[in-house]
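Undergrad: Structure of the sequence below:
(one chain, ligands or ions: 1)
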Amino acid sequence: MTTAPDTAAIDRFLADHLCDWLDCRDDWLWYSILAVSEALREGHSCLNLACWASATAWATDEDPGYRFPELDDWLNKLDQLPIGPGDAAPLVLDQQRLYLRRYWRFETELADSIRSRLEPVPIEDADTAKNSLSRLFPSMQDGTETDWQAAAAANALFQKLSVIAGGPGTGKTFTVTRLLALLAETEATGNESPLRVRMAAPTGKAAQRLGESVREARQALANAVAPETLALIPDEATTLHRLLGVIPHQVHFRHNRDNPLALDVLLVDEVSMIDLPMMTRLFRALPDHARIILLGDPDQLPSVAAGSVLADLALRPHPGYSTQRQQQLAQLGLSVETGSTQSADYLSYLYRSRRFSDTGGIGKLARQVMDGDAEGSLETLKTEEDGLAWIEPEQVPAQIEHWVSQWYAPIAAADNRDAAFAALAEFRLLCPTRVGPLGSVALNERILKRLNPEGRPFYRGQPIMVTENHYGLGLFNGDIGLIWPDEDSDNQLLAWFPDADGYRPLAPGRLPPVETVYAMTIHKTQGSEFERVALILPEQSHNVVSRELLYTGLTRARSQAMICGRADVWKAGVRNPVERHSGLAERLFAARN
Ligand SMILES: Nc1ncnc2c1ncn2[C@@H]1O[C@H](COP(=O)(O)OP(=O)(O)OP(=O)(O)O)[C@@H](O)[C@H]1O
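TA: Predicted coordinates:
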């Protein structure tokens with residue numbers, strides 16, 4: 001928690017206001033509310049009282065801070081207030097968690113929506129499904145091991161809600177494209193109107209990548225699937241904001257319970273980035289009959305705003321499938337026996353990365369990081385396994401100069417716009433934070449001095465990132481474009497943003513706020529990939545450097561990840577998992593198992 005002088009004025013205002021509302025001005029309540037606000041800002045959906053009971057917060061050299069009551073005492077005090085789930089207060093005590101009611105409502109609504117979609121869906125014609133499945137996943141027949149991609153697709157046939165979780169390159173898009181074909185083939189049997197499928201992702205970049213990957217996977221199906229089935233698989237994905245229909249200056253969307261989305265199947269990628277309010281609103285807009293398929297990597301950083309919905313849903317290890325589901329999958333030719341007493345039929349994991357081998361380089365390092373193996377991961381890095389490099393702090397300035405010459409200077413020298421975009425995808429500097437001498441702002445300034453010494457506002461080959469949503473232009477915070485001359489006309493410099501049809505040009509004067517982006521924060525790279533990345537650690541250990549942040553950063557690289565910094569900063573990060581408090585998993589699973 002931050003120290004008292006840093007507590008945001010808005011938190012103190014809220015604490016004053018709620019104490020008045022509850023007609024209790026005791027310190028313990030005032031500080032409890034302050035702590036709930038801070039917890040929300042740190043990404044928790046609630047304040048987990050057990051974690052703060054008897055702990056001292058906000059202590060500084062001048063201020064002893066505040067010591068929270070012991071748990072029983074704290075709960076007793078809170079119990080005296082009208083803050084139960086059925087009361088009207090803006091604060092809610094639920095079990096040992098304290099919420100702002102708004103977030104308690106989001107969580108309970110989402111849990112109800114999810115629960116209502118967990119009932120199994122019967123399939124009408126198991127023979128058709130079995131034939132389609134073995135045609136779409138021919139590898140299912142090979143060997144004795146379970147084909148988890150086929151199992152995930154088959155499992156989703158029986159579900160209104162499916163979560164397909166896996167690390168980078170485990171074939172989530174490959175699997176889900178085949179799943180869409182499977183649904184189109186099996187659902188078409190008794191259905192007159194064609195299946196309406198939509199695809200979405202939290203950011204423009206992620207939506208664009210999803211569209212590209214699905215188009216590629218769809219092409220590979222041309223010989224296995226009828227053209228009319230392929231035609232049902234969409235070409236394009238959209239952002240969640242666009243899917244739900246933003247109403248300018250409002251937090252509500254055009255699509256909601258009263259105006260649901262017109263679709264039968266919704267596929268959502270990069271779900272780790274979706275926060276609790278957004279996920280609640282997404283489920284709110286789903287028609288009752290629709291299926292929703294959530295794809296993501298639960299090891300990645302959680303959403304920037306409150307919640308950890310994917311991590312809450314993607315139980316680890318997988319608790320197993322119910323006996324009924326095991327029998328249903330066996331009917332389709334898949335053996336997934338788990339012998340478990342618990343079950344999570346909505347959940348499938350893909351285990352094998354097709355991009356990284358498990359035994360060398362990025363794949364091995366990613367696993368060690370997620371296992372919290374600080375020493376082992378450092379050793380892997382220092383032995384410079386295939387695809388990895390460790391760069392000592394004193395070499396970092398010279399290395400950056402070298403990378404600028406090797407990867408960034410050639411962007412402006414590219415022959416044409418396509419080549420410039422290709423050059424931009426070759427390499428990216430990643431930072432845990434914006435601030436500090438090795439943060440993204442300082443690194444961008446350093447590189448700009450070299451590549452744009454005249455300080456021109458826009459120049460050929462300049463990579464830019466949008467920093468504020470502009471709904472009218474359809475540009476969103478985090479979208480990346482490139483400044484390049486208009487080759488088909490008068491060579492005027494324009495900002496080009498990739499979209500499903502190629503590139504969309506915009507005069508620089510019309511852009512929402514943008515910044516130059518040679519170095520970017522790892523948070524902003526979610527949903528993106530680069531051929532190589534160099535991850536620049538801060539000079540000192542920093543709480544923001546977490547296990548998930550390092551994992552997310554290094555798995556953005558397709559072929560090479562270079563880590564630069566001090567060994568102790570790396571190790572402290574690997575030992576620092578992100579913890580998110582939420583009651584979602586308990587609400588869902590306490591009621592089920
Ligand atoms: N069973 C398979 N047989 C052959 N190639 C496969 C198979 N599964 C995946 N691939 C290939 O592996 C690569 C990665 O797959 P895909 O893009 O579906 O993974 P992903 O999990 O969606 O990755 P990410 O989310 O990290 O982009 C793709 O080129 C895909 O065609």
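Undergrad: Which residues are in contact with residue 175?
TA: Neighbour list for residue 175: 149, 152, 153, 164, 350 [criterion: CB atoms under 8 Å, 6 or more residues apart in numbering]. (Each C-beta comes from the backbone N, C-alpha and C, glycine too.)
Undergrad: Put together CSV for the residues you listed, with neighbour count and distance to residue 365 on each row.
TA: Output for the contacts of residue 175, formatted as CSV (neighbours: other CB atoms under 10 Å; distance: CB to CB, whole Å):
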residue, neighbour count, distance to residue 365
149, 27, 24
152, 30, 25
153, 31, 30
164, 30, 24
350, 22, 19
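Undergrad: The residues you listed also near the ligand: which ones?
TA: For the ligand, the contacts drawn from those by CB under 6 Å from any ligand atom are residue 149.
Undergrad: among the contacts of residue 175, which two are most distant?
TA: 153 and 350 (10.4 Å; CB to CB).
Undergrad: Show me what counts as buried in stretch 44-59.
TA: Neighbour-count burial for stretch 44-59, counted by 16 or more other CB atoms under 10 Å, picks out 44, 45, 46, 47, 48, 49, 52, 53, 57, 58.
Undergrad: nearest to the ligand, of those?
TA: When the buried residues of stretch 44-59 are ranked by distance to the ligand (CB to the nearest ligand atom), residue 45 comes first, at 25.7 Å.
Undergrad: That closest one: what secondary structure?
TA: Look at residue 45: counting by DSSP: H, G, I helix; E, B strand; the rest coil, its state is coil.
Undergrad: ok, it to residue 28 distance?
TA: 22 Å (CB to CB, to the nearest Å).
Undergrad: Ok, residue 209 next?
TA: 48 Å.
Undergrad: Could you do residue 40 as well?
TA: Using CB to CB, we find residue 40 at a distance of 19 Å from residue 28.
Undergrad: Looking at these two, which is more packed in?
TA: More crowded of residue 40 and residue 28, by other CB atoms under 10 Å: residue 40, with 21 against 15.
Undergrad: Could you double-check that the more buried one lies in contact with residue 103?
TA: Yes: checked against CB atoms under 8 Å, the pair residue 40 and residue 103 is within contact range at 6.8 Å.
Undergrad: joint contacts of those two?
TA: residue 306.
Undergrad: hang on, the earlier thing: of all the buried residues of stretch 44-59, which comes closest to residue 234?
TA: residue 45 (32.0 Å).
Undergrad: Could you check the pLDDT of the closest residue to the ligand within the stretch 301-450 of the chain?
TA: Nearest to the ligand, among the residues of the stretch 301-450 of the chain, is residue 354, at 3.3 Å (CB to the nearest ligand atom). Looking at residue 354, its pLDDT is 83.
Undergrad: who's in contact with it?
TA: 169, 170, 171, 174.
Undergrad: Most neighbours of all those, which one?
TA: residue 170 (23 neighbours).
Undergrad: List the buried residues for stretch 392-405?
TA: Buried, per 16+ other CB under 10 Å, within stretch 392-405: 396, 399, 400, 403, 404.
Undergrad: In which helix or strand does the second one reside?
TA: When you say that, I think you mean residue 399. When elements are assigned from DSSP states H and E, residue 399 belongs to helix 396-403.
Undergrad: Output that helix as CSV, restricted to C-alpha atoms.
TA: What follows is helix 396-403, C-alpha atoms only, in CSV (Å, rounded to 0.1, in the frame of the first residue of the first chain):
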residue,chain,number,x,y,z
VAL,A,396,23.0,-1.7,-22.0
PRO,A,397,23.7,1.8,-23.4
ALA,A,398,26.0,0.4,-26.2
GLN,A,399,23.5,-2.3,-27.0
ILE,A,400,20.7,0.1,-27.4
GLU,A,401,22.8,2.1,-29.8
HIS,A,402,23.5,-1.1,-31.7
TRP,A,403,19.9,-2.1,-31.8
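Undergrad: Whichever helix or strand comes after that helix packs against which elements?
TA: Next helix or strand after helix 396-403 toward the C-terminus (DSSP H and E): helix 409-412. Here helix 409-412 touches helix 417-424, going by 3 or more CB pairs under 8 Å, 6 or more residues apart in numbering; DSSP states H and E.
Undergrad: I'd like the average pLDDT over the very next helix or strand once past the helix it packs on.
TA: Later in the chain than helix 417-424, the nearest helix or strand by DSSP H and E is strand 427-431. For strand 427-431, mean pLDDT rounds to 97.
Undergrad: Could you check the angle strand 427-431 makes with helix 396-403?
TA: Strand 427-431 runs at 150 degrees relative to helix 396-403, counting by axes from the mean of the first three to the mean of the last three CA atoms, to 10 degrees.
Undergrad: I'm done for today, thanks for sticking with me.
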